[in-house]
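Novice: Build me a model from this:
(chains A and B)
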Amino acid sequence: MELDMKYFEEMEAKIPKGKVRTRFAPSPTGYMHVGNLRTALYTWLIARNAGGTFILRIEDTDQGRLVEGATDVIYRTMAQCGLTHDEGPDVGGPVAPYIQSQRRDTYGKYAELLISKGGAYRCFCGKDETEPADPKEIQKHVCDCPKLTDAEIAEKIASGASYVIRQKIPQKGTTTFHDASFGDITVENSELDDQILLKSDGLPTYNFANVIDDHLMGITHVVRGSEYLSSAPKYNLLYESFGWDVPTYIHCSPVMRDAQHKMSKRHGDPSYEDLMNEGYLTEAVLNYVALLGWSPKGALAEREFFTLSELAEAFDIAGISKSPAVFDIAKLRWMNSEYMKKLPPEVFFEKAEPILREAIPNPAINLKTVAALVQSRCEILTDLPGRVDFLAKLPDYDVALYVHKKSKTTLENSLAALEACVPVLENLTDWTNESLYAALTELAAKLEVKNSIVLWPLRVAVSGKESTPGGATDLCALLGKEESLRRIADGIARLKAAQ
RNA sequence: GGCCCGUUGGUCAAGAGGCUAAGACACCGCCCUUUCACGGCGGUAACGGGAGUUCGAUUCUCCCACGGGUCACCA
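Specialist: Numbering: from 1, shown residues only, chains lettered A, B, ... in the order given. This is a model prediction of the structure:
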């Protein structure tokens, strides 16, 4: 088989050199899980930290698993997160194409090149479906195909026999692989299998496509999940056979759902999109995910709030953790609430308005005021309806709410307080929070009771809830005079019925 | 099962031979207060086990246990 050496020279000539180049290479499954997002983030951060280039490559060599619209999810997620790529299928670049299914010829040619260098061989064995007698036995492919002569191979091909190309692993010795966070890992070559590089459909396997593309795209740092750690030594052998430089590998341990399970779609763990739909803020998710498996060193060690660009500046490979990290939704909620509080009120209102409008159809209620009241009291946007729905309609509630130990309220004094409120409020002309507060504290003073004796029952009467976004006067101001008085009357009725 | 990797409080984690073993979330308590929240203050809680090396091990070595990963014409 003749090799077109000029092709390889041209390909080599296109490889950008001298700068850090990283790539995020998802396979389009239509789902960006949290672990994936973290890998993308770290990869992006390494590039940005070094002033390098970040590349998006789509790994779609498995024709059986293509999912419609899946690449759109990837583009959309990356864009929303601000993880901008410098090269990729949609923006092009010096080493295009960036979609593996469009690079089919390249893999075939490089597989041939590898054969000529003695690092691979054609195997005509067909699918290996033999069940090992002992299931505990190591399943390694062993056959006589490597011994086939050129003539025999030509004959088989001419007769239409299908074949795969397998990596030829040395029988003896050891291979040492270096990972930036795990260090040196040495394995016996006898443990390694002659893995398939090129499938019988002519498309490469993940392991082969990766090596070829990473080299041809000039990738300097490869970030990937630790599930690939055990196949990494084979990569070294591949690079060695080709005579190429090995990039820096950074394997990341998985993001777990609990101590023994990875986050997974099957178990209903949230993807990035799910988190967005649940009302989390992208910035909070990125911040949280960045710290799940990485922590800053030195002066920044105590810091926990980072913007994307601050992360890019602070990020270092040495801070990546080797052990798996459990995804803690409670901490994400907390972090999200911190981000919510920091949002400028206009921005918060913009995000909250549609949700508030749906929960409170009543046009008389000022949603801006509601938003201001609720901004510091919700962890995620989807908490909102449950916190404000009482404004639309007074819920049925238990009079026990009127009894509050700390405020020293009882059913009896609550009733008295509400009844005392009525004339005061009826006569109040300026229906604002300030005037309400002034009038009601004046009432409490006149009755010679603590403010809470008046305000607690009032808040319960107008809200019917144990917890509300604001105090009694905030709520009255929001509800308006008529509705407030109506609810107070309702409360009085409930209390009387309970006496 | 073979091979590889990992193991600091419930969770995320700092630490890199000598420290009262940080910090954050969660939890609990107190204060503030017009509820909850916010805020402030404080508290409970950890180096998986066993041998070494060393004057001294959470930090180094080995063994064990546990957990994870991997052993596909999937990535």
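Novice: Only C-alpha atoms from now on, for both contacts and neighbour counts.
Specialist: OK.
Novice: pLDDT score for the residue lying closest to A:G471 once chain neighbours are set aside?
Specialist: Nearest residue to A:G471, sequence neighbours excluded (CA to CA, 6 or more residues apart in numbering): A:R459, at 6.5 Å. With respect to pLDDT, A:R459 scores 93.
Novice: distance between the strand or helix carrying A:R459 and the chain's centre?
Specialist: Element membership for A:R459, per DSSP states H and E: helix A:451-463. Here the centre of helix A:451-463 is set off from its chain's centre by 43 Å, with CA atoms, centre = their mean, to the nearest Å.
Novice: cool, and stretch A:448-466?
Specialist: Counting by CA atoms, centre = their mean, stretch A:448-466 comes out at 43 Å from the chain centroid.
Novice: ok, now stretch A:285-292?
Specialist: Relative to its parent chain, stretch A:285-292 has a centroid offset of 8 Å by CA atoms, centre = their mean.
Novice: Could you do stretch A:460-479 as well?
Specialist: 37 Å.
Novice: Ok, stretch A:353-372 next?
Specialist: 30 Å.
Novice: Check which residues of that stretch are buried.
Specialist: Judged by neighbour count (16 or more other CA atoms under 10 Å), stretch A:353-372 contains these buried residues: A:353, A:355-356, A:359-360, A:365, A:367-368, A:370-372.
Novice: Check the average confidence over that stretch, would you?
Specialist: For stretch A:353-372, the per-residue pLDDT averages 92.
Novice: which residues sit against stretch A:200-215?
Specialist: The contact list for stretch A:200-215 (CA atoms under 8 Å, 6 or more residues apart in numbering) reads A:59, A:61, A:100-101, A:104, A:107-108, A:110, A:162-164, A:196-199, A:235, A:238-239, A:244.
Novice: what do you get if the cut-off is 7 Å, keeping everything else the same?
Specialist: A:61, A:104, A:107-108, A:162-164, A:196-199, A:235 (CA atoms under 7 Å, 6 or more residues apart in numbering).
Novice: ok, now how distant is the residue nearest to A:G471 from RNA strand B?
Specialist: The spacing between A:R459 and RNA strand B, counted by CA to the nearest atom of the strand, to the nearest Å, is 7 Å.
Novice: Ok, A:S190 next?
Specialist: 9 Å.
Novice: which parts of stretch A:294-303 are buried?
Specialist: A:294-296.
Novice: how about the residues you listed in JSON lines, adding distance to A:A50 and secondary structure?
Specialist: As requested, the buried residues of stretch A:294-303 are exported to JSON lines (distance: CA to CA, whole Å; DSSP: H, G, I helix; E, B strand; the rest coil):
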{"residue": "A:W294", "distance to A:A50": "17", "secondary structure": "strand"}
{"residue": "A:S295", "distance to A:A50": "18", "secondary structure": "coil"}
{"residue": "A:P296", "distance to A:A50": "16", "secondary structure": "coil"}
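Novice: just checking: which of these also lie near RNA strand B?
Specialist: Residues of those in contact with RNA strand B (CA under 7 Å from any atom of the strand): A:294-296.
Novice: is it possible to export those residues to CSV including distance to A:E9 and pLDDT?
Specialist: Formatted as CSV, those follow (distance: CA to CA, whole Å; pLDDT from 0 to 100):
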residue, distance to A:E9, pLDDT
A:W294, 40, 96
A:S295, 42, 94
A:P296, 42, 93
